[in-house]
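> Okay, sequence plus prediction incoming.
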Amino acid sequence: MNEEVDKSQFHKVKSLFDIFKASKGIKPNKFNIYFLSIFMAFSILDLIVSQYTANDLANITRGVAEVGLNLTVGLLGFLVAGFAIFASITTPKLSIFMASKINPESGVSYLLHSYFNFINVFIFYFIAVAIFFSIIIFGRDGGLAERLVCYFNLRPEYIFCIICFAYLAAVASCVYSGLLLKSFVYNIYHSIMTALRYEVTFQKKIDTSPTPAEPPL
């Protein structure tokens, strides 16, 4: 089995960006996409019917960003612990076996597919933290965003559209962070079940293998 393993896959990626590029074949969870789309449709409808002023919406956006930042930073510790569980239950034998099989959906081995699923969650959380942090820092009263608006003398409707975009980005990041947490928990469960199934199958093969005859005395 070792001869079938492409050894280059173990050191093919050099950064998180390489992982992001290599994992493009992994399709996102359909439920997550549908739920996010429906939620964002209601968020846009809320913007239309609520008739917020630019000032009110800016304050709401900052509040959403603060909640999102606290949420993602707080959950990162849980994600690290979950990833540690996954790494600890994946034995070398199981890892080599998974590395020898190609996932038809993503085009990479099942080992990389599993790791990419976990690491992609971390990548999104880092992106979400950057979005929330940017809104809080640059979008504060008297911050860079306000100074740029004054410098370019943007029309009020353009300013409102920019605030709406920031609001929707913050809401989408919050919602998708929660959805990815759901998927992360399921991936941990699936990894544990896979490890147990492999051990049971491997042990069964040992138990059913013919016992060599005892040498004569």
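Structure received.
> What's the biggest helix in this structure, counting residues?
Secondary structure assigned by DSSP state H gives helix 156-208 as the longest helix of the chain.
> How far away from the center of its chain is that one?
5 Å (C-alpha atoms, centre = their mean, to the nearest Å).
> Quick one: list the elements packing against that helix.
Judged by 3 or more C-beta pairs under 8 Å, 6 or more residues apart in numbering; DSSP states H and E, the packing partners of helix 156-208 are helix 30-50, helix 54-89, helix 92-99, helix 110-138, helix 144-152. In short, each C-beta sits where N, CA and C put it, glycine included.
> That one - what's its average pLDDT?
On average, the pLDDT along helix 156-208 is 89.
> quick one, it and helix 92-99 angle?
Per axes from the mean of the first three to the mean of the last three C-alpha atoms, to 10 degrees, the angle that helix 156-208 makes with helix 92-99 is 120 degrees.
> buried set for the helix or strand bottoming out on mean pLDDT in the chain?
One helix or strand of the chain scores below all others by mean pLDDT, DSSP states H and E: helix 16-22, with a mean of 83. For helix 16-22, the neighbour count (16 or more other C-beta atoms under 10 Å) marks Ile19, Phe20, Ala22 as buried.
> Helix, strand, or coil at the nearest residue to the last one once chain neighbours are set aside?
Same thing as Ala22. The shortest distance from Ala22 to any non-neighbouring residue, by C-beta to C-beta, 6 or more residues apart in numbering, is to Val13 (5.9 Å). Using DSSP: H, G, I helix; E, B strand; the rest coil, the secondary structure recorded for Val13 is coil.
> And Val13, its phi and psi?
Per-residue torsions, Val13: phi -90, psi 140 (degrees, to the nearest 10).
> Now do it against Asn120, distance only.
As judged by C-beta to C-beta, to the nearest Å, Val13 and Asn120 stand 12 Å apart.
> Overlap in contacts, those two.
Ile19 (C-beta atoms under 8 Å, 6 or more residues apart in numbering).
> do you know how far the spatially closest residue to Ser191 that is not a sequence neighbour is from Leu179?
With sequence-adjacent residues excluded and distances taken as C-beta to C-beta, 6+ apart, Ser191 is closest to Phe86, at 4.9 Å. Phe86 sits 19 Å away from Leu179, going by C-beta to C-beta.
> same thing with Val64?
16 Å.
> same deal with Ala166?
21 Å.
> higher neighbour count, those two?
Using other C-beta atoms under 10 Å as the criterion, Ala166 and Leu179 rank with Ala166 on top: 22 against 19.
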